[in-house]
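# how would this look folded up:
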Amino acid sequence: MKKNVTPKGATERKKTPKAASPRPPAKRRILDEPASSPKGNKQMKLTPNVTYKAFNKLLEDVEFAISGYVNPGRADIRAKALEMGAKYRTDWTPTCTHLM
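Residues are numbered from 1 along each chain as shown. Prediction:
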C-alpha cells in the first residue's frame with residue numbers, strides 16, 4: 001500500500017479563485033440553419049400566425065384610467081393612448097381594463 005507523501009520542503013499551493021472574466025454576450029442565431037450546412041442554403045425562420053394592426057387600432061379593446069400622474073405627463077399619456085385607439089375614463093369603473 002502506497003502513501004501519498006510530499007517531499008520535505010515542498011509547500012502546497014493554495015488555489016486562489018480567479019476573477020471572473022467578463023464574457024461577451026452570446027450571439028443569437030438569426031437564421032435557422034444547421035451548423036454544418038453550407039452558407040448558400042440559409043433560410044429565414046418565420047414566426048407563424050403573425051397579425052398586424054393599424055396604429056390607431058392597437059389598443060382598441062382597452063379602457064383605461066390614470067392615477068398618480070400630473071399634467072403635462074397625464075395629458076401626454078392620455079393623448080398617446082387615445083391615438084392608439086384606447087378609451088379614456090376619468091374615474092376607475094368596472095369596465096376599465098387598465099389603470100396607469
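
# show me what contacts the residue nearest to N56 when sequence neighbours are not counted?
Counting by Cβ to Cβ, 6 or more residues apart in numbering, N56 lies nearest to G85, which is 5.2 Å off, once chain neighbours are set aside. Where you see a C-beta, it was placed from the backbone N, CA and C, and this is true even at glycine. Shown in contact with G85 (Cβ atoms under 8 Å, 6 or more residues apart in numbering): 56-60, 62.

# Distance to N71 added to the residues you listed, as a markdown table?
Output for the contacts of G85, formatted as a markdown table (distance: Cβ to Cβ, whole Å):
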| residue | distance to N71 |
| --- | --- |
| N56 | 24 |
| K57 | 27 |
| L58 | 24 |
| L59 | 21 |
| E60 | 26 |
| V62 | 21 |
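
# Pull the number of nearby residues for N71.
8 (other Cβ atoms under 10 Å).

# How is it assigned, secondary-structure-wise?
For N71, the assignment made with DSSP: H, G, I helix; E, B strand; the rest coil gives coil.

# any idea how far N49 is from it?
41 Å (Cβ to Cβ, to the nearest Å).

# again, but for F55
21 Å.

# more neighbours, these two?
Using other Cβ under 10 Å as the criterion, F55 and N49 rank with F55 on top: 9 against 4.

# Test my guess that that one contacts M84.
Yes. The criterion here is Cβ atoms under 8 Å, and F55 meets it with M84 at 6.5 Å.

# now the strands for the protein?
Secondary structure of the chain (DSSP state E): strands at 63-65, 87-88, 98-99.

# Which of these sits closest to A75?
A75 sits nearest to strand 87-88 of all the strands of the chain, at 10.8 Å, using Cβ to Cβ.

# Relative to that closest one, what are the paired strands and their orientations?
Strand 87-88 has the following strand partners under DSSP bridges: strand 63-65 (parallel).

# Show residues contacting the partner strand.
Taking Cβ under 8 Å, 6+ apart as the rule, strand 63-65 contacts 81, 86-93, 95-100.

# how near is V70 to M84?
The value you get for V70 to M84, if Cβ to Cβ is used, is 22 Å.

# who has more neighbours, those two?
Legend: neighbour count by other Cβ under 10 Å for V70 and M84, higher for M84 (16 against 7).
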